[in-house]
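>>> heads up, no residue letters with this:
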């Protein structure tokens, strides 16, 4: 789905008499610049231009951009977890006399706890830990929703 090709035109003074394979000295700063640009595009990070009072280096991903990505993915995970748990609740309320296995119930409880934990960690500015908790919440909620015992219904 995503990919890229980087063609590096290497020009020498002796271009007519080139023997292959040949050893190249590549300017990796140019190559890595293209790769960083592609990663920024893939992650949805917009380029920030330099202001007169604020120099903005273009090397790598800035700390605030990483924080933005963590917050964005964390929010997506929390919303998806809540949506999945809500769908599961709605589905189970539509089926009378359903017996839910204990392990499925524990997954749902843990998913709700992880959502709460993730939200609390974000408020404390612990983004990495909050993101990890949100991933666990999403995995637990989806595992519970797609359990074979419930799909058989």
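Great, that's in hand. Just so you know, these numbers come straight off a predicted model, no measurement behind them.
>>> what ranges in the protein fall below the confidence cut-off?
Low-confidence segments of the chain (pLDDT under 70): 1-3, 8-12, 14-17, 46-60, 151-153.
>>> look up how far residue 99 lies from residue 74.
34 Å (Cβ to Cβ, to the nearest Å). Every C-beta, even on glycine, is put in place using the N, C-alpha and C of the backbone.
>>> kindly report the same for residue 23.
70 Å.
>>> swap in residue 106?
When residue 106 is compared with residue 99 (using Cβ to Cβ), they lie 15 Å apart.
>>> which one's more surrounded, these two?
Using other Cβ atoms under 10 Å, the more surrounded residue of residue 106 and residue 99 is residue 106, with 12 against 5.
>>> quick check: which element contains that one?
Assessed by DSSP states H and E, residue 106 sits inside helix 102-123.
>>> contact partners of that helix?
Helix 102-123 is contacted from outside by 71, 74, 77-78, 81-82, 85, 88, 127, 129-131, 133-134, 136-138, 140-141, 143-144, 147, 149-150, using Cβ atoms under 8 Å, 6 or more residues apart in numbering.
>>> 10 Å - rerun?
Contact with helix 102-123 is made by 70-71, 74-75, 77-79, 81-82, 84-85, 88-89, 92, 100-101, 126-145, 147, 149-150, as judged by Cβ atoms under 10 Å, 6 or more residues apart in numbering.
>>> in helices, which of these appear?
Assigned to helices by DSSP state H, the following of those qualify: 70-71, 74-75, 77-79, 81-82, 84-85, 88-89, 92, 127-145, 149-150.
>>> and those residues, which of them are buried?
70, 74-75, 77-78, 81-82, 84-85, 88, 127, 130-142, 144-145, 150 (16 or more other Cβ atoms under 10 Å).
>>> buried ones in the helix holding residue 106?
Buried residues in helix 102-123 (16+ other Cβ under 10 Å): 104, 107-108, 110-112, 114-115, 117-119, 121-122.
>>> among those residues, which one sits closest to residue 30?
residue 122 (38.2 Å; Cβ to Cβ).
>>> tell me how far that closest one lies from residue 134.
In terms of Cβ to Cβ, residue 122 sits 9 Å off from residue 134.
>>> hey, what's in contact with both of those two?
70, 74-75, 78.
>>> out of everything not next to it in sequence, what's closest to the residue nearest to the spatial centre of the chain?
By Cα atoms, centre = their mean, the chain has its centre lying nearest to residue 73, at 5.6 Å. Setting aside the residues directly before and after it, residue 73 is nearest to residue 131 in space (Cβ to Cβ, 6 or more residues apart in numbering), at 6.2 Å.
>>> lovely, talk soon.
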